[in-house]
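> Turn this into a structure:
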Amino acid sequence: MASSGSAEPGLRATLVACGLLTLAVAFWSGNWVFGRLVRFDAPPGSLTFSRWAIAAIVLTAMCRRELPVLARAFRESWRVLLALALFASVLQHYPVYRGLASTTATTASLLNATTPVFILLISWLVLRERLGPAVVAGVALSLAGATWIVARGDPASLLGMELASGDLWILLGTGSWAVYTVCLRWRPTDVPARVLVAAIALLSSACTLPLAVGEHLLGHPLVLTPTVAAGILYIALGSTVLGYLCWNRGVE
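Numbers count the residues shown, from 1 in each chain. You can find the predicted model right below:
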């Protein structure tokens, strides 16, 4: 009886974690659709900055009673937070939105399904985590699926094919997200999940502001149509605030 009782909390925690991670993926699914929809009026730098700036405002307001904790996190863990911000914004979302300008949302979301492969490989190379036979088989299957997608269903074409630029951008963003997930291992553990995401959002806003300004100066401003405004709000509140809160808590 004692063994059964002690196993129940572990099972409950596993189910909660899986539920949170599933919710995060659900919130992120709309990011691909809206990112593709607004590609002509929202340059990648401006879109990336907008989502993180709005998220930073919302998350900071949510953490207003924990501002001392937020300040301490910046003071004591700024290197880790900056790395997380770079891998979550500049190196992930900017490439994703660049890629969506020349590939479909369906292809992008399917390529994004290779994220677990990157996470496992990075964990193996950096953290020396063991990969069992089932995990290796899953990695092989995922890589085969990604190769099939990139080859457009014609494996023979791989011998002389050149990847579409949009596909390469998507894969870059996918790899960056995998690094972000692995780097969460070194997050400050005494900082609540919402405070951690608020810190990442603030730093991501600062990191992506030069991209938005540069695009504007080069003649590619953000055109704020009703569709673009709706897309940015969903991406900022759904894909960023709710998605990251669920993901970080689930990984934890």
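
> use CA for all of it now, contacts and neighbours both
Will do.

> What is the burial count for I54?
Counted with other C-alpha atoms under 10 Å, the neighbours of I54 add up to 21.

> Test my guess that it contacts I235.
No. I54 is beyond contact range of I235, at 9.6 Å (criterion: C-alpha atoms under 8 Å).

> Dump the helix or strand hosting A134 to CSV, restricted to CA.
Element membership for A134, per DSSP states H and E: helix 133-150. Output of helix 133-150 as CSV, limited to C-alpha atoms (Å, rounded to 0.1, in the frame of the first residue of the first chain):
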residue,chain,number,x,y,z
PRO,A,133,17.2,1.7,-28.0
ALA,A,134,13.7,3.1,-28.1
VAL,A,135,15.0,6.6,-28.1
VAL,A,136,17.5,5.9,-30.8
ALA,A,137,14.7,4.3,-32.9
GLY,A,138,12.6,7.4,-32.4
VAL,A,139,15.4,9.7,-33.4
ALA,A,140,16.0,7.7,-36.6
LEU,A,141,12.3,7.8,-37.4
SER,A,142,12.0,11.5,-36.8
LEU,A,143,15.1,12.2,-38.9
ALA,A,144,13.7,10.0,-41.7
GLY,A,145,10.5,12.0,-41.6
ALA,A,146,12.2,15.3,-41.7
THR,A,147,14.4,14.2,-44.6
TRP,A,148,11.3,13.0,-46.5
ILE,A,149,9.6,16.4,-45.9
VAL,A,150,12.7,18.4,-47.1
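
> Number of residues surrounding R130?
Neighbour tally, R130, other C-alpha under 10 Å: 12.

> Just the element for it, please.
Using DSSP H and E, R130 falls within no helix or strand.

> cool, L168 as well?
Using DSSP H and E, L168 sits within helix 165-183.

> What mean pLDDT does that helix get?
The average pLDDT for helix 165-183 rounds to 87.

> Now find how far off-centre it is within its chain.
Centre-to-centre, helix 165-183 and its host chain are 8 Å apart (C-alpha atoms, centre = their mean, to the nearest Å).

> Could you shift the numbering so residue one becomes 4, and keep it that way?
Taking 4 as the first residue, the last one we looked at is helix 168-186.

> Check which residues of that helix are buried.
169-186 (16 or more other C-alpha atoms under 10 Å).

> List the contacts of that helix.
Residues outside helix 168-186 that contact it (C-alpha atoms under 8 Å, 6 or more residues apart in numbering): 83, 86-87, 90-91, 94-99, 101-106, 111, 114-115, 117-119, 121-122, 125-126, 153, 254.

> next SSE after it?
Next element after helix 168-186 (DSSP H and E): helix 196-220.

> which helices and strands does that following helix pack with?
Contacts defined by 3 or more C-alpha pairs under 8 Å, 6 or more residues apart in numbering; DSSP states H and E place helix 196-220 against helix 47-65, helix 70-88, helix 246-254.
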